[in-house]
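> got a predicted model here, sequence first, then my questions.
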Amino acid sequence: MKRNTDYGEENNINLKLVLVLGKNIKRLHVKLVEQLRNYGITTAQFSVLEALYHKGPLTINEIIETTFSSSGNISLVVNNLCKEKYTVKKDHEIDKRSKVISLSNKGEKLMENLFPEHIEELGELMNHMTIDQKREIIGKLKELGKRD
């Protein structure tokens, strides 16, 4: 049975936009996973390490907000990073129910090696576009995200 595939120009463009965005996210994700595999960490672990590397010590809730992750997932990720000695958990000075997570010396060294490679990899993946094209895409994606 042949189905109607013409939903009108704008609807067809909307569908194509979602497909193109998805394919590009997948492509970037695959490259990132390859790179992180060499360091023995997952993308979720990298997102936590990157947040701590750039923002300093954070609570679990701050990590969740920064990395756009779920609470159950991040707790497991942080626990695994602590087991591997990439991060350290300490009691929060004010709220004793809360823990503050920070990079250990081992985690700091990992990110000092990994992050410059990450930046280089992103540069190679996007070097076919000008900085103005990248700014334009960022602006357009921000417009897309304002529709809440």
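Perfect, thanks for sending it.

> and the next helix or strand past the longest helix seen in the chain?
Counting residues, the longest helix found in the chain (DSSP state H) is helix 9-37. Note on helix 9-37: by DSSP states H and E, the next helix or strand toward the C-terminus is helix 43-55.

> elements contacting the helix or strand following that next one?
Heading C-terminal from helix 43-55, the first helix or strand you meet, by DSSP H and E, is strand 58-59. In this structure, strand 58-59 makes packing contacts with strand 99-103, judged by 3 or more CB pairs under 8 Å, 6 or more residues apart in numbering; DSSP states H and E. C-beta here means a position set from N, CA and C on the backbone, and glycine is covered the same way.

> quick one: contacts of the strand it packs on?
Residues external to strand 99-103 that are found in contact with it (CB atoms under 8 Å, 6 or more residues apart in numbering): 48-49, 52-53, 56-60, 63, 78, 82, 86-93, 111.

> select only the buried ones of these in PyMOL?
The buried residues among the contacts of strand 99-103 can be selected in PyMOL (16 or more other CB atoms under 10 Å) with this line:
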select buried, resi 48+49+52+53+58+60+63+78+82+86+87+88+111
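
> name the nearest residue to K89, ignoring sequence neighbours.
Nearest non-adjacent residue to K89, counting by CB to CB, 6 or more residues apart in numbering: K99, 4.7 Å away.

> perfect, I'm done here.
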